[in-house]
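> need a 3D model of the sequence below.
(4 chains, ligands or ions: 6)
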Amino acid sequence: MNLQTFVEKTWCPGCGNYAILSAFISAIKELEIKPEKIVIVSGIGCHGRISDYINVNSFHTIHGRVIPLATGIKLANPELVVVGFSGDGDTYSIGLGHLPHAARRNIDITLIVHNNQVFGLTTGQYTPTSPKGFKSRSTPHGSLEEPLNPLLLALASGATFVARGFAGEVSHLKTLIKEAIKHKGFAIIDVLQPCVTYYNTYQYYRQKVYKLENHDPTDLNQAIKKAMEWNDKIPIGILYKIRKETLDEHVKKPLIRIPETGVDIKNLYRRFR
Amino acid sequence: MNLQTFVEKTWCPGCGNYAILSAFISAIKELEIKPEKIVIVSGIGCHGRISDYINVNSFHTIHGRVIPLATGIKLANPELVVVGFSGDGDTYSIGLGHLPHAARRNIDITLIVHNNQVFGLTTGQYTPTSPKGFKSRSTPHGSLEEPLNPLLLALASGATFVARGFAGEVSHLKTLIKEAIKHKGFAIIDVLQPCVTYYNTYQYYRQKVYKLENHDPTDLNQAIKKAMEWNDKIPIGILYKIRKETLDEHVKKPLIRIPETGVDIKNLYRRFR
Amino acid sequence: MRENEVNVLIGGEAGAGILAAGIMLAKTCIRSGFYAFIMNEYPSLIRGGHVWCSVRVCSRKVYSQRFFVDIIVALSSETLKKHIDKLYGKGIVIVDEGFSYDFPVGVRIIEAPLTNITKEIGGRPVMRNSVAIGIVTALLGLDIQVLSRVIKDIFKEKVAELNTKLARKGYEWAFKHGKAGILPLQGFSQESAKIMLTGNDAVALGAIRAGMKFFAAYPMTPASPILHFLAEIQKEYDLVVLQPESEIAAINMVIGAAYAGARAMTATSGGGFSLMVEALGQAAMTETPVVIVVAQRPGPSTGMPTYTAQGDLRFVLHASQGEFPRVVIAPGDAGEAFYLTVHAFNIAEKFQIPVVILTDKHLAESYMTIEEFKDLRVMIDRGEIITDNYRGGKSYKRYEITETGISPRALPGTINAIVKANTSEHDEFGIGTTDSTKVKAMVDKRFRKVEYIKRYIREYSTPVKTYGDGEVLLVTWGSPKGAILEAMLELEKRGIGTKLVQVIFMEPFPVEELREIFEIDYREIILIENNKTALLNSLLNQYLHLDIKQKLLKYDGRPFYPYEIIEKVMSVVK
Amino acid sequence: MRENEVNVLIGGEAGAGILAAGIMLAKTCIRSGFYAFIMNEYPSLIRGGHVWCSVRVCSRKVYSQRFFVDIIVALSSETLKKHIDKLYGKGIVIVDEGFSYDFPVGVRIIEAPLTNITKEIGGRPVMRNSVAIGIVTALLGLDIQVLSRVIKDIFKEKVAELNTKLARKGYEWAFKHGKAGILPLQGFSQESAKIMLTGNDAVALGAIRAGMKFFAAYPMTPASPILHFLAEIQKEYDLVVLQPESEIAAINMVIGAAYAGARAMTATSGGGFSLMVEALGQAAMTETPVVIVVAQRPGPSTGMPTYTAQGDLRFVLHASQGEFPRVVIAPGDAGEAFYLTVHAFNIAEKFQIPVVILTDKHLAESYMTIEEFKDLRVMIDRGEIITDNYRGGKSYKRYEITETGISPRALPGTINAIVKANTSEHDEFGIGTTDSTKVKAMVDKRFRKVEYIKRYIREYSTPVKTYGDGEVLLVTWGSPKGAILEAMLELEKRGIGTKLVQVIFMEPFPVEELREIFEIDYREIILIENNKTALLNSLLNQYLHLDIKQKLLKYDGRPFYPYEIIEKVMSVVK
Ligand SMILES: Cc1ncc(C[n+]2csc(CCOP(=O)(O)OP(=O)(O)O)c2C)c(N)n1
Ligand SMILES: Cc1ncc(C[n+]2csc(CCOP(=O)(O)OP(=O)(O)O)c2C)c(N)n1
Ligand code: SF4
Ligand code: SF4
Ligand SMILES: [Mg+2]
Ligand SMILES: [Mg+2]
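Ligands and ions are numbered 1, 2, ... in the order given. Have a look, this model is predicted:
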């Protein structure tokens, strides 16, 4: 079974997106999920092309709406495995209004954010995660804004699975994706994804990232502390993970069938008499 | 100088909004700000009517857009004092996408959130801050979602002034408002505002709130801890306050004048030759 | 007062249970064999403003409120200030004891101890209205038992008990003071089971009937009651009913759910729809069937949230970038709203397009009496849909180019089918493309549906309705229909024959049907719309090169009264 | 090759600096006294796809690209596969050494050591294009000094130096191999200072000229270059230029800034405009003057981000709930874009309404040569504006009811004036109201502006333009104008006289002006639009009851070529 389509990939050679693609494909292979049982939702940006490359059900949505779209799919058919691929522009800029809500609702979807700290597809403008002073086409004199800390934000919003991956660590990333998919509840993986064209951070992150060890992912305070660590050392791995009731657990069966003669509403007449 | 208009107030008798109104009016009186130097921006909801009642410049905007509207005003004319009045529906539901960005941009506006934990004006539906299990017209069987912690979210987003007030403590609230307005940078005050009609929390909060004392508002970890305190005791006061460069500090003078014959663009021709 | 008809206006402060009182009264009348129509007007605030509703009761089917009333129940002096001029010459005013007002001569005043009775029984002040309704019940010569049962059905146990007592007290008071039967209702008909419901109710019922299983909406007047109703009954019908963080979230969730295979809907007003515009195009481009209810209110922007208007027609017709087929349906009353909602789902799924149901506050929130829906009149048509296992042989093509433009739709989860939806322009498999030939073919495919949609609508629905056969042609769409039908009855009596054209499908615009109607010679043609710029007329200009000169346009947030239409027709005709 | 004209197509991989090469060449020609037009086509991705541009150079003003070219510079085989059929019979192909391709007979192949030269000099592979442009410069008989100066002006020091060397090497190589001057450009004119710019550049320049001080936009192809340009020069012109979190934030910031008194603008494409729709109504209701640039691309939804279309016209005309006056302006070329942007600000402020400048990818991103703007042709009109101190005596009324519908606008900060803006329907002071009389008066006030807007436009701008005086009438709006003007010249030569009507103000629609034009008898009328459903035609139907039968519609994302128009006209005429 080929999990890749025959579509030619148009990411720049060396782009971190390739790593995410291959980590994901390995993950679903190893999890042995049938392609027809998966739906991936992809946002708009370089990352968004991923849905053309993976041979599973997919919805290439509009900019910033991966989360609500994936939520709708999951609620309508909880038997599907729903994974969102989004960008830092997609989820942390235009789509940020959805993230905290998905987190606190604990809808059982996995969100993989290709965080390259730029708008790649629109030629490299700064994003909410670009460092202060970042020079880009929209900030030629350097950005004036403090970057957002997406993992801290996710934790503050009540997410039940919060992780960071690095495109330079494919097999570690694969494990994260597997864990995230297996996690029952809202799982976010922020992936440090170097954009070789507009913000090549391979070297930078290679030097800084380290894999979390001896870390208790059920301890929120610990997780917050780790999320705030962004200096000489940058942790990757699962920062936080707890089990809580999910929103979709309230949906008993897929909502996709309708009796041919329609639904009987006679019981409802009473209230209108 | 009368800071109130002659418009008859239509909030329910006993509504927490009255307290916010009077705290604000006292605050600007005491700060001796001239009415023409203030602009208030109000959202859509019961809280939004406040702009009809205060005799200063105002913009009663659309639902959820207090923050960007106030940002535009402040940047165009940094000499104005800009205060936003918003609701928990307005800022934490539909408008949530703007809050973290305003916080990390540190735009010098004050945002007062009338957090009554319901959509008041649309007849009491639950909001992101309603407690789990809350029964309302849209959740007659009880809401299924964990509430949002807005102060934690603001802290996680880099806000430089984060406070909580209580409509049952008007003079304390007035002090908070004064401090927030004086603060150079983005200031958010989440005001616990009982809605006597749909969620009367006066008693509940009277028993729980206590005023922060011996708290170091420059310590982010402390602030985060306090923001997470929401059980038997609920702190009110300034949780966090630091001074950072603001976005509007980059604007040297109001942008409101234009030479009658237009702006000379000859210098720009060069690049097009 | 007219024969067989009574009009009651009930007014008081916001929060005083005015509408509840109107509903009690109307239901009592309906269960006694009459028809009722309730129109209610309230400000956008929770307490303190003035609220009123008018209950029209009649022995025949009624289509709208009337301006003039026989009885005013005034729970605040504001009610009289604002509405006393609506009272017929010898009309009755019911007020609380000790209430002082400078009444015009001729008014029959009933000063009843509303507050006192309420206090006696231990009711809250808001319950005064039950006493008043008890009195009205007596006045109209209705049975107090019927009112009691209505109250039991409306309220929860404890509250019902109290209210029943209060109503009975009021009823008895009226008897004791010789007011019983002074305005008797006559000529009831009991031929069929009747229900009273709003346009919102009808849309919700239609959606449930049609098998809608997913509903997400952000509250917005006047569409919120659909959310409330569906939320309440979600468990009985296995629905997912959600209030997401915004309209943007709502419509995107709905599209996600529809892609997954659920019949899915959202409901909002113009402001919320503004936020759905981008996703509307997404539904179109991905050919995902969704139903969107837009209940209009006066704009622009926040405008007047609790009032009525028909100002969003063009907006809804053209919303979102790019060109794509859509269907826009404008029911004119609750009955139509029910059936057309079922059609909306069928059309959406059959043609894999977004369908908008365009109502307005007056339709959405006024109550009218109709016969119970005959279930036979609806059926479910999901179009070509593939579930479980795809047996098409070759690789499944989500956007297969076909003669009709419709590509068989597999649901994700179907074995052997990979279902790829794409908002970028795409090839038949749903893979992005910019190839000029493929792109053109895909645009043409989507647009080929239009002809088939038109045929389908003609066959299974009613793009245009006409009423009457007179020489004066009245042209409208949506809720003004009610007041017009009433006016037509009256005009008939005055010897003026009229005919009404009601356009129901605004898109695709029923050009042929209308052309036929307009081919006939009329004495006068009058356009009637609840807006400023005559939007339907702009469509008639565009599609039929027809410009209706005589216009009755109203844009102060109020619905039409029959008398306004009568006046207009009279002034044009003579 | 035609007299006095050379067309060069440059193609290669995305990221290979193709457009930069085109610009180098075009500027060299312009500075040598010619006119140039560059059209570029690229996929929505950063690397790997194929990108090409066509540079047309001519001794007279040129309005569009041509389909056929004289020279192809092929930096990848993809270029030849896709474009070799565009080469004239004896055309020239410039390729890298060792490049193999099955060329058609007659093609003159110049195999030049592009890569080798580049390596020699130590340039990066992307710099091959400079060698190629050096060769083309030689072929055309142009001065290498001019090219060198162009390179110096475009690139930063170090890069410029390298590229200059490479270009010179290419130039020399051509000389050495007897290629110099084999396709000489002739007949240049040097009468006035010329600049080459895109529609986006022109809008940005117009905005700066008009005194715009606040610009907030979220990047979206094809509008982003406006953001980039303004961001770059913000310090020199004391602008605030911001990239907020979304289009919703952008437009709301712009409205805030405009309320505060800055001339403020945003720019986006259809998808981003979809998100601005709610706030558009806010600007209208609060009567806040804003300018919104909408650069169209093919939809629906994500569609084809880097291609061109004119599919958003109706959407922009009717966007947002409720009814309100707006102005929509569609420039047809860069020169118009400049002046009309200035007008847009004047109209927005004078009438306190939102103004949309509607362009498309082809206009926004193609480069054309125009004369430097004459500053005298624009002036600033801010309308009735009150700053510093209000001396009106009575309390200031933000929404004073006036004869023209325009209420004098005080800026917040003005002493003695409290400026209350309100998205709810409001009274003259800006306080919310639902009073039926006041509401109607306020709606009427807003709409009274329309007549004055029309007059103003007629006086200070050009709602409709015509070109030529032939018997065949061509009707268009926006960017197709360029290709049509070219076609008209050619048709003239073939003895077919044409006349073009270009509608510039789409709203208020110039009904009177057009009626006059259409009153004349034409042999044929042909509509030309870059969309599927003939949107301008729908307006002609609506406003003039005119349905143009002959249509040339193109909706594959590509702009018109002159030859397509010629073919259409020929087929209709004969
Ligand atoms: C509503 C809307 N606004 C703007 C755009 C233009 N746009 C396309 S991709 C993109 C940025 C994507 O950035 P990110 O999500 O970080 O993705 P990346 O390209 O970096 O993978 C933008 C702004 C759009 N498609 N839709
Ligand atoms: C785009 C849009 N969606 C929905 C509404 C309807 N609406 C008006 S007020 C409101 C809720 C307000 O809640 P909140 O901000 O908490 O204000 P409160 O009434 O509680 O003060 C909603 C949903 C609207 N006006 N605009
Ligand atoms: S621009 Fe950056 S993110 Fe986009 S494909 Fe290239 S390297 Fe990857
Ligand atoms: S509904 Fe609640 S928030 Fe609104 S005015 Fe009444 S008490 Fe206040
Ligand atoms: Mg990115
Ligand atoms: Mg609230």
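> packing partners of the helix or strand C:V355 falls within?
Here C:V355, judged by DSSP states H and E, is contained in strand C:354-360. The elements that strand C:354-360 packs onto, with contact taken as 3 or more Cβ pairs under 8 Å, 6 or more residues apart in numbering or on different chains; DSSP states H and E, are helix C:199-209, helix C:270-286, strand C:290-296, helix C:313-318, strand C:327-329, helix C:334-351. All C-beta spots, glycine's among them, are computed from the backbone N, C-alpha and C.
> partners of it, with directions?
strand C:290-296 (parallel), strand C:327-329 (parallel) (DSSP bridges).
> ok, and what's touching it?
C:199-200, C:203, C:222, C:280, C:283-284, C:288-297, C:308-310, C:312-313, C:316, C:326-331, C:337, C:340-341, C:344-345, C:347-348, C:478-479, C:506, C:530 (Cβ atoms under 8 Å, 6 or more residues apart in numbering or on different chains).
> give me that answer again for 6 Å
C:199, C:280, C:283-284, C:290-296, C:308, C:310, C:316, C:326-330, C:344, C:347-348, C:478-479 (Cβ atoms under 6 Å, 6 or more residues apart in numbering or on different chains).
> and the residue of chain C found nearest ligand 3, what does it touch?
Nearest residue of chain C to ligand 3 (Cβ to the nearest ligand atom) works out as C:G432 at 14.4 Å. Contact partners of C:G432, counting by Cβ under 6 Å, 6+ apart, are A:52, C:424, C:426.
> can you count the residues close to the spatially closest residue to C:G15 that is not a sequence neighbour?
Distance criterion Cβ to Cβ, 6 or more residues apart in numbering or on different chains; nearest residue to C:G15, sequence neighbours excluded, is C:R47 at 4.4 Å. As a burial measure, C:R47 scores 18 neighbours (other Cβ atoms under 10 Å in any protein chain shown).
> OK, contacts around C:R47?
Counting by Cβ under 6 Å, 6+ apart, C:R47 has contacts B:12, C:14-15.
> can you put those in a markdown table and add distance to D:A417?
Conversion of these to a markdown table gives the following (distance: Cβ to Cβ, whole Å):
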| residue | distance to D:A417 |
| --- | --- |
| B:C12 | 33 |
| C:A14 | 33 |
| C:G15 | 36 |
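> list only buried entries from those residues.
Burial by neighbour count, 16 or more other Cβ atoms under 10 Å in any protein chain shown: within the contacts of C:R47 this picks out B:12, C:14-15.
> show the pLDDT at the residue in the stretch 1-150 of chain A positioned nearest to ligand 4.
Relative to ligand 4, the nearest point of the stretch 1-150 of chain A is A:H101 (22.1 Å; Cβ to the nearest ligand atom). At A:H101, the predicted lDDT confidence score is 98.
> distance of the closest residue to it other than its chain neighbours relative to ligand 1?
Among residues not flanking A:H101 along the chain, C:E245 sits closest, at 4.5 Å (Cβ to Cβ, 6+ apart). Counting by Cβ to the nearest ligand atom, to the nearest Å, the separation of C:E245 from ligand 1 is 18 Å.
> next one: A:D90
Distance of A:D90 to ligand 1, computed by Cβ to the nearest ligand atom: 3 Å.
> SS state for the residue nearest to C:G15?
Three-state assignment for C:R47 (DSSP: H, G, I helix; E, B strand; the rest coil): coil.
> grab the nearest non-local neighbour of the residue of the stretch 151-273 of chain A found nearest chain B.
Chain B sits closest to A:A156 of the stretch 151-273 of chain A, with a gap of 3.8 Å, by Cβ to the nearest Cβ. Leaving aside its chain neighbours, A:A156 sits nearest to B:A156 (3.8 Å; criterion: Cβ to Cβ, 6+ apart).
> coming back round to it: identify the residues contacting the residue of the stretch 151-273 of chain A closest to chain B.
Contacts of A:A156 by Cβ under 6 Å, 6+ apart are B:152-153, B:156.
> what do you get if the cut-off is 7 Å, keeping everything else the same?
B:149, B:152-153, B:156 (Cβ atoms under 7 Å, 6 or more residues apart in numbering or on different chains).
> out of those, which is nearest to chain D?
B:L153 (14.9 Å).
> now do the contacts for the closest one.
By Cβ under 7 Å, 6+ apart, the neighbours of B:L153 are A:100, A:153, A:156-157, B:99.
> so of those, which ones are in helices?
A:100, A:153, A:156, B:99 (DSSP state H).
> for those, give me JSON lines that also has distance to B:I189.
Listed next are the ones in helices among the contacts of B:L153 as JSON lines, based on distance: Cβ to Cβ, whole Å:
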{"residue": "A:P100", "distance to B:I189": "19"}
{"residue": "A:L153", "distance to B:I189": "20"}
{"residue": "A:A156", "distance to B:I189": "18"}
{"residue": "B:L99", "distance to B:I189": "13"}
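> which ones, among those, also lie beside ligand 6?
Among the ones in helices among the contacts of B:L153, no residue sits close to ligand 6 (Cβ under 5 Å from the ion).
> ok, which pair from those residues is furthest apart?
For the ones in helices among the contacts of B:L153, the maximum inter-member distance is 11.5 Å, found between A:A156 and B:L99 (Cβ to Cβ).
> longest helix of chain C?
Per DSSP H, chain C has its longest helix at helix C:436-460.
> and the buried ones among the contacts of C:R47 near ligand 4, which?
B:C12 (Cβ under 6 Å from any ligand atom).
> just name the closest of the buried ones among the contacts of C:R47 to ligand 2, please.
Of all the buried ones among the contacts of C:R47, ligand 2 sits closest to B:C12, with 11.0 Å by Cβ to the nearest ligand atom.
> any idea how far the strand holding C:V355 is from the middle of the chain?
With Cα atoms, centre = their mean, to the nearest Å as the basis, strand C:354-360 stands 11 Å off its chain's centre.
> what do you get for stretch A:145-162?
For stretch A:145-162, the distance to the chain centre is 13 Å (Cα atoms, centre = their mean).
> skipping its backbone neighbours, what lies nearest whichever residue of chain A sits closest to chain B in space?
Per Cβ to the nearest Cβ, A:G97 is where chain A lies closest to chain B, at 2.9 Å. Of all residues not flanking A:G97 in the chain, B:G97 sits nearest, at 2.9 Å (Cβ to Cβ, 6+ apart).
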